[in-house]
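> mind looking at a prediction? Sequence and model below.
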Amino acid sequence: MKVWHTDRFTGGFGQVQVTFPLDYTLVAEVDTYRSDAAFRLTNAIEQPWHLNEEVRLTGEPTRSTSVGDVIVADDNKTLFLVLPVGMKEYHGIPQKFPANLYGDLS
């Protein structure tokens, strides 16, 4: 899976309209087929996340994966938007995401 971080990171605060992939940077490729595992492996839990053996950095080490970031499945058609709790699955690229990730996503 590929992990993309938003270039307009707000830390979950504020309302910023973002479009994938325009407003994102590819930060890592992760050897897993599960979005939850890709999220866990790109977070600094027991060590800096870029030291996890399943992770291949695509640039310089950066912050942990957070709200508003995207994980793309290997089919390059399914993506997962990281929410304050869990993820929302989308199909197709590009995608425009809601400005308020704490609002109604149904």
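Great, that's in hand.
> tell me where the chain has strands.
2-6, 18-20, 24-30, 55-57, 70-72, 78-82, 87-91, 95-97 (DSSP state E).
> pick the most buried one from those strands.
strand 70-72 (a mean of 25; mean count of other CB atoms under 10 Å). Where you see a C-beta, it was placed from the backbone N, CA and C, and this is true even at glycine.
> that one pairs with which strands, parallel or anti?
strand 2-6 (antiparallel), strand 78-82 (antiparallel) (DSSP bridges).
> who wins for proximity to Asp36 among the strands of the chain?
strand 87-91 (7.6 Å; CB to CB).
> strand partners of that closest one, parallel vs antiparallel please.
Here, using DSSP bridges, strand 87-91 pairs with strand 78-82 (antiparallel).
> pLDDT below threshold where in this protein?
9-15, 98-106 (pLDDT under 70).
> residue contacts, the nearest residue to Val30 once chain neighbours are set aside?
Nearest residue to Val30 in three dimensions, chain neighbours excluded: Ala38, at 4.4 Å (CB to CB, 6 or more residues apart in numbering). For Ala38, the contact set (CB atoms under 8 Å, 6 or more residues apart in numbering) comprises 1, 3, 30, 32, 65, 71.
> fine, thanks again, bye for now.
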